[in-house]
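Trainee: Curious how this folds, go ahead:
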Amino acid sequence: MTAPLLVFGWGNASRGDDALGPLFVQQLGALAGSSVGVRVDFLEDYQLQIEHALDLTCRERVLFVDASLNCVAPFDVTTLHAARDASFTTHAMSAQAVMQVYRELSGMAPPPCTLLAIRGTGFELGEPPGRLALFNLSQALVWGQCWLDGNAVLEPLTQRASHA
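Mentor: Numbers count the residues shown, from 1 in each chain. Purely as a prediction, here's the structure:
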């Protein structure tokens with residue numbers, strides 16, 4: 001049976017802050033524990049690939065999680081839409097391209113997908129995640145718990161601050 005929710009993080013644990021996606025998945029799964037039952041699947045990989053389109057099947061919502069050099073700190077949230085982009089024919093893909101593959105394979109719109117980009121600064125080979133990146137991860141985990149409960153605000157962090 002496929003769980004209605006999917007939390008999918010990707011990155012390389014051997015490249016410093018690039019480990020934030022998989023760390024988020026591992027830690028959110030541990031925080032959620034048995035309270036999520038069969039409602040959530042937690043998945044991690046080194047990168048998005050065409051085969052991951054199949055992981056969107058029968059989902060109500062999907063949360064993609066990755067480290068980013070370009071987002072605001074501590075994290076940013078973006079609603080995603082299926083799109084063929086430059087990554088569509090490469091080995092590593094964007095989440096939007098994975099969604100587009102799903103659309104083309106199934107003939108249906110993909111489930112609602114959200115990207116959680118966690119701010120990282122150091123991606124050097126052989127380095128552990130940095131202190132600031134781990135702080136950003138802790139903040140993202142609070143938001144992730146709300147997402148699991150269906151209570152997360154889906155507008156970017158910068159917009160949330162301007163509403164306050």
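Trainee: what's the burial count for residue 85?
Mentor: Each residue near residue 85 was counted by other CB atoms under 10 Å, and the total is 12. Yep, even glycine has a C-beta here, placed from its N, CA and C like the rest.
Trainee: what separates it from residue 107, distance-wise?
Mentor: To residue 107, residue 85 is 20 Å away according to CB to CB, to the nearest Å.
Trainee: swap in residue 70?
Mentor: 34 Å.
Trainee: buried set for stretch 122-132?
Mentor: Neighbour counts over stretch 122-132 (16 or more other CB atoms under 10 Å) mark 122-123, 129-130 as buried.
Trainee: which among the residues you listed gets closest to residue 15?
Mentor: Nearest to residue 15, judged by CB to CB, of these is residue 123 at 5.0 Å.
Trainee: now the strands for the protein?
Mentor: 5-10, 40-45, 61-68, 75-80, 113-119 (DSSP state E).
Trainee: Mean pLDDT, distance to residue 134 and mean neighbour count added to the ones you listed, as a markdown table?
Mentor: Below are the strands of the chain laid out as a markdown table (pLDDT from 0 to 100; distance: least, CB to CB, whole Å; neighbours: other CB atoms under 10 Å):
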| stretch | mean pLDDT | distance to residue 134 | mean neighbour count |
| --- | --- | --- | --- |
| strand 5-10 | 97 | 15 | 24 |
| strand 40-45 | 96 | 17 | 18 |
| strand 61-68 | 97 | 11 | 24 |
| strand 75-80 | 96 | 13 | 18 |
| strand 113-119 | 98 | 10 | 23 |
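Trainee: With distance to residue 23 added, can I get the ones you listed in JSON lines?
Mentor: Output for the strands of the chain, formatted as JSON lines (distance: least, CB to CB, whole Å):
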{"stretch": "strand 5-10", "distance to residue 23": "8"}
{"stretch": "strand 40-45", "distance to residue 23": "9"}
{"stretch": "strand 61-68", "distance to residue 23": "9"}
{"stretch": "strand 75-80", "distance to residue 23": "13"}
{"stretch": "strand 113-119", "distance to residue 23": "9"}
